[in-house]
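> dropping a prediction and its sequence here:
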There are 2 protein chains.
Amino acid sequence: MSTTAPRRRRADAERSIARIVSAARATLGRDPNASVDDIARAAGVGRMTLYGHFRTRAELVEAALADALRAGEEVLAAVDLTGDAREVLARLLESSWSLVAESTALLTAAQDVLPAGRIRQLHDAPANRVEELVRRGQDEGAFRTDLPLSWLVGVIHYVLQGAAEERRAGRLKEEEVAATVTATVKAILAAPVRKG
Amino acid sequence: MSTTAPRRRRADAERSIARIVSAARATLGRDPNASVDDIARAAGVGRMTLYGHFRTRAELVEAALADALRAGEEVLAAVDLTGDAREVLARLLESSWSLVAESTALLTAAQDVLPAGRIRQLHDAPANRVEELVRRGQDEGAFRTDLPLSWLVGVIHYVLQGAAEERRAGRLKEEEVAATVTATVKAILAAPVRKG
DNA sequence: CATAAGTCGTACGTCTGTGTACGACTTTCA
DNA sequence: TGAAAGTCGTACACAGACGTACGACTTATG
């Protein structure tokens, strides 16, 4: 179960693949309809080289999505989970919002070419991590329980996605994003306080 | 300044156009990449008839978007604006969520083919209505003022969009949507209460 | 009912993007 | 250093979608 595939690859090829996947993430992150040619050029690589490693566009999109989600998993895994659920959530958002922002368009690209099941499968690991945290917050009484858990997890994603778009449109400044997202999500999840 | 264009059109044509625009809204609402052919067939009309009324796909998309937003304007205009801003907002969400849900994909279709300025222009009327309401709520002390107004307005849209997607994915039931959306938006906008 | 308006099929040219074939060149690495 | 692996340009076949041209048919409306 090592990460290296059975095939031996030249260092050369390894480097190309890395550049291609990275370019795919960036390019598809900006435009879900980007062509194979766009991606190859963004990677500084000939189209033929690309096809040498990924036989179809769908395969490429899948690799890009998998890579982005793997990166997400890494970031999430590095977050300190001890302490108040609210604070953990804040740390988590702080360190992951930009990654999510760059991946939303990539996700829609994937939805066009990959079966829904495959996407869910890839997406599950990071989603579960968030879900667990929210559930723990609920158990501790810090988060609300009057809305479906799946919705609470989902809405975090949609807020991040929205923040990314507002950022792109110039209506949110780069430095504002983290605080805005945190405040918003905190408000959504907070257990209702009875008003005077 | 009447709504009837200078050209006289036959009742026949009028009906076709209505069916086409309606089909465009529905079809593009499901798949932003739907082809002209898809839309024509959904409208029960020949492709040539469609091209007789809309010279390019972009023109058709624009008409569909304009129609959806005009419908939105109507719905918003019909909402009772008197009373507590929180309650007004609840009424507003109640009556508009499904329409927004059906229009989000249409909006992304428009983003692919129309200049950003044109979209903003069409989108402005309904957006302003919501913005005014939020501002009023802020003035009355009912809504928070520590986040940008544009964000508060925008995030409502993103939550609605998210709810629509959760609905489509079967994670939210039709009857749950309104209440879920209302509770979520209420939590986001509520002026922070100091905790004991 | 006659004419103008509208419908609609078929066919065509074009453009864009995908994926393949071939072949020459360059880099790795044993 | 030489064979295998990788790079990459050009060219091609193919498919899907757009938009146009033509012409026959049908329907509204004066």
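That came through, no problem.

> those residues of chain A touching chain B, which are they?
Counting by C-beta under 8 Å from any C-beta of the partner chain, the positions of chain A adjacent to chain B are A:33, A:112, A:144, A:146-148, A:150-151, A:154-155, A:157-159, A:161-162, A:165-166, A:171-172, A:176, A:180, A:183-184, A:187-188, A:190, A:192-193, A:195. To be clear about C-beta, it is placed using only N, CA and C from the backbone, and glycine gets the same treatment.

> can I have the buried ones of those residues as a PyMOL selection?
Burial among the residues of chain A next to chain B is assessed by 16 or more other C-beta atoms under 10 Å in any protein chain shown; the matching PyMOL selection reads:
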select buried, chain A and resi 144+147+151+154+155+157+158+159+161+162+165+166+172+176+180+183+184+187+188+190
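
> helix or strand: which one has the spatially most central residue of chain A?
Geometric centre of chain A, nearest residue: A:V100, 3.8 Å, by C-alpha atoms, centre = their mean. Remark: A:V100 resides in helix A:85-113, with elements defined by DSSP states H and E.

> and that helix, what does it pack onto?
Under the contact definition 3 or more C-beta pairs under 8 Å, 6 or more residues apart in numbering or on different chains; DSSP states H and E, helix A:85-113 sits against helix A:11-30, helix A:57-77, helix A:116-139, helix A:149-168, helix A:174-189.

> go through that helix and flag the buried ones.
Of the residues in helix A:85-113, A:85-86, A:88-90, A:92-93, A:96-107, A:109-110, A:113 count as buried by neighbour count, 16+ other C-beta under 10 Å.

> spatially nearest residue to the residue of chain A found nearest DNA strand D, not counting backbone neighbours?
In chain A, the residue that lies nearest DNA strand D is A:G46 (2.5 Å; C-beta to the nearest atom of the strand). Spatially, and ignoring its direct neighbours in sequence, A:G46 is nearest to A:A40 (6.4 Å; C-beta to C-beta, 6 or more residues apart in numbering or on different chains).

> how near is the residue of chain A closest to DNA strand D to A:L81?
45 Å (C-beta to C-beta, to the nearest Å).

> low pLDDT regions in chain A?
A:1-7, A:194-196 (pLDDT under 70).

> near DNA strand D, which residues of it?
A:9-10, A:12-13, A:15-16, A:45-49, A:52-53 (C-beta under 7 Å from any atom of the strand).

> report the buried members of these.
Buried members of the residues of chain A next to DNA strand D, scored by 16+ other C-beta under 10 Å, are A:S16, A:V45, A:T49, A:H53.

> could you find which two of those are furthest from each other?
Using C-beta to C-beta, these reach their maximum pairwise distance at A:V45 and A:H53, which is 9.4 Å.

> what residues are shared contacts of those two?
Here A:V45 and A:H53 share the contacting residues A:S16, A:I20, scored by C-beta atoms under 8 Å, 6 or more residues apart in numbering or on different chains.

> B:E140: which of the buried ones among the residues of chain A next to DNA strand D is nearest?
Proximity of these to B:E140 (C-beta to C-beta) peaks at A:V45, which lies at 58.1 Å.

> just to revisit the earlier point, give me whichever of the helices and strands packed on helix A:85-113 is most buried.
Ranked by mean neighbour count under mean count of other C-beta atoms under 10 Å in any protein chain shown, the helices and strands packed on helix A:85-113 are led by helix A:149-168, which reaches a mean of 21.

> who does that helix touch, helix- and strand-wise?
Here helix A:149-168 touches helix A:85-113, helix A:116-139, helix A:174-189, helix B:149-168, helix B:174-189, going by 3+ C-beta pairs under 8 Å, 6+ apart.

> name the residues that touch that helix?
For helix A:149-168, the external contacting residues (C-beta under 8 Å, 6+ apart) are A:93, A:97, A:100-102, A:104, A:127, A:130-131, A:134-135, A:138, A:143-144, A:172-174, A:177, A:180-181, A:184-185, A:188-189, B:150-151, B:154-155, B:157-159, B:161-163, B:165-166, B:171-172, B:180, B:184.

> interface residues of chain A facing DNA strand C?
Within chain A, the residues that sit near DNA strand C (C-beta under 7 Å from any atom of the strand) are A:10-12, A:35-37, A:47-48, A:51, A:55-58.

> 6 Å instead?
Selection of chain A residues close to DNA strand C by C-beta under 6 Å from any atom of the strand yields A:R10, A:A11, A:D12, A:S35, A:V36, A:D37, A:M48, A:Y51, A:R55, A:T56, A:R57.

> list the contacts of A:H123.
Shown in contact with A:H123 (C-beta under 8 Å, 6+ apart): A:L69, A:L107.

> look up how far A:D37 lies from it.
Distance, A:H123 to A:D37, by C-beta to C-beta: 28 Å.

> please apply the same query to A:T82.
Counting by C-beta to C-beta, the gap from A:T82 to A:D37 is 48 Å.

> for these two, work out which one has more neighbours and name it.
A:D37 (11 against 6; other C-beta atoms under 10 Å in any protein chain shown).

> secondary structure element for that one, which one?
helix A:36-42.

> please save the CA atoms from the helix or strand that comes right after that helix in PDB.
Going down the chain from helix A:36-42, the next helix or strand is helix A:47-53, by DSSP H and E. Written as PDB, here are the backbone C-alpha positions of helix A:47-53 (Å, rounded to 0.1, in the frame of the first residue of the first chain):
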ATOM      1  CA  ARG A  47      -0.600  18.800 -25.400                       C
ATOM      2  CA  MET A  48       0.800  15.500 -26.500                       C
ATOM      3  CA  THR A  49       2.800  15.200 -23.400                       C
ATOM      4  CA  LEU A  50      -0.300  15.700 -21.400                       C
ATOM      5  CA  TYR A  51      -2.100  13.000 -23.400                       C
ATOM      6  CA  GLY A  52       0.800  10.800 -22.700                       C
ATOM      7  CA  HIS A  53      -0.100  10.800 -19.000                       C
END
